[in-house]
Structure formats: structure tokens, C-alpha cells
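Visitor: Okay, predicted coordinates and the sequence, questions at the end:
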Amino acid sequence: MVVAFAVAALVFAAPVQLGEVHEEGVIPLVAAILDAEPRTTVDVTINSPGGRVDVGLAVIGLMEMAQREKMVRFRCHAGDIVASMATVIFAQCDERRAQKNTRFLIHPVWVVTRGNGDQLREAAKRLDFLTHVLYSIISERTGYPVVSIHARAAGDWWFNTREAVRIGLVNRAN
């Protein structure tokens, strides 16, 4: 009886929760990625307003490494909101599920900064570059053209699960 319970606990492990994308917020997901056995599936529930681009790109890099080197799959479940950097992390998942009322957000990278004209122009170039990197990740994972993402997300592009299915971001609506 105890042995059967232990096996059931391994099969039905609780999904990793991802909230705000910052150093502390991604620790459970990073731990799950690093601890994942080869050829397993990591379940992740994302309910997030987004967060830091540098932290999100580090998480995506770890996910790519696990997908490539250990054949780990990521099954992600969208909560009420998957916004900003969390949308890009969600796109990196192999299987992407969403509730019918999930709200998604894609927008250009932004930052609060200060400096002289030359420094601000340089900061704008870096922001444009990072925005294109993030949109390219979404495009590669969904098949939705990067030029269309740039056009739709020139401001804040909020959309629902139905549209997320249409653009290939969600492959299963609950």
C-alpha cells in the first residue's frame, strides 16, 4: 500500500507554479528544470503579470537546454493571466494549454531609464533588439509571423484564449 502511494505521487506530481518573472519567482521552475530526469515531462502552471527580460531569457535558455540535451518536455497550463515575459516563457513550452478566459499580453520591451541623448538613443536600440528577440521566440514556437507580431504588439496586445489558439500560442483550450 505504501509503495503504491509512492508511485502514484511520482506520476501525479503537482505542477510547478510560475508567478512574477524575477530572480526569486523563477526558483521553483529552475529547480524543476535542473532536476528533471531525461525523457520526462515537467508540468508548469503560469499565472503571471510578466517580469524581467533577462531572467526570462535565462529560464528559456535552461528550458531549451533541457529540451535538447535531456529530451525533457514542458506542458504548460495558463492561469488567469499570462503577460509580457511570461507569454514568451509559455511559448517555449512543448504543450500549451489555457483556460477559456485566460488573458495574454505581448508588448514591446520597456524600461525606465535616464541619460543624455546619446545614451537614450543607445537604450532605444537595445530595447528594439530585445523586443525582436522575444517576438522571434514566439514566432518560432507558434509559426505566427514575426512581422505580424511586431504589427499587432506595437502597443499593448491583449488577447484571449480563442485568439491565442488562432495564432498558435495555445494548442489546447480547456
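Guide: Sure thing, it's come through.
Visitor: who touches stretch 157-173?
Guide: Here stretch 157-173 makes contact (C-beta atoms under 8 Å, 6 or more residues apart in numbering) with 78, 87, 90-91, 95-107, 138, 141-144. (Each C-beta comes from the backbone N, C-alpha and C, glycine too.)
Visitor: Give me the buried subset of these.
Guide: In the contacts of stretch 157-173, burial by neighbour count holds for 78, 87, 90-91, 96-98, 102-107, 138, 141-142, 144, counting by 16 or more other C-beta atoms under 10 Å.
Visitor: For the protein, give me the ranges with low pLDDT.
Guide: 1-14 (pLDDT under 70).
Visitor: Asn101: what secondary structure?
Guide: Under DSSP: H, G, I helix; E, B strand; the rest coil, Asn101 falls in the coil class.
Visitor: so it touches Asp80, yeah?
Guide: Yes. Using C-beta atoms under 8 Å, Asn101 makes contact with Asp80 at a distance of 7.2 Å.
Visitor: before we move on, back to that, among the contacts of stretch 157-173, which ones are in helices?
Guide: Among those, the residues falling in helices (DSSP state H) are Thr87, Phe90, Ala91, Ile138, Arg141, Thr142.
Visitor: what's the closest of the residues you listed to Val30?
Guide: Phe90 (16.1 Å; C-beta to C-beta).
Visitor: Relative to Leu169, how far out is the spatially most central residue of the chain?
Guide: By C-alpha atoms, centre = their mean, the chain has its centre lying nearest to Ile89, at 1.3 Å. Separation of Ile89 from Leu169 (C-beta to C-beta, to the nearest Å): 12 Å.
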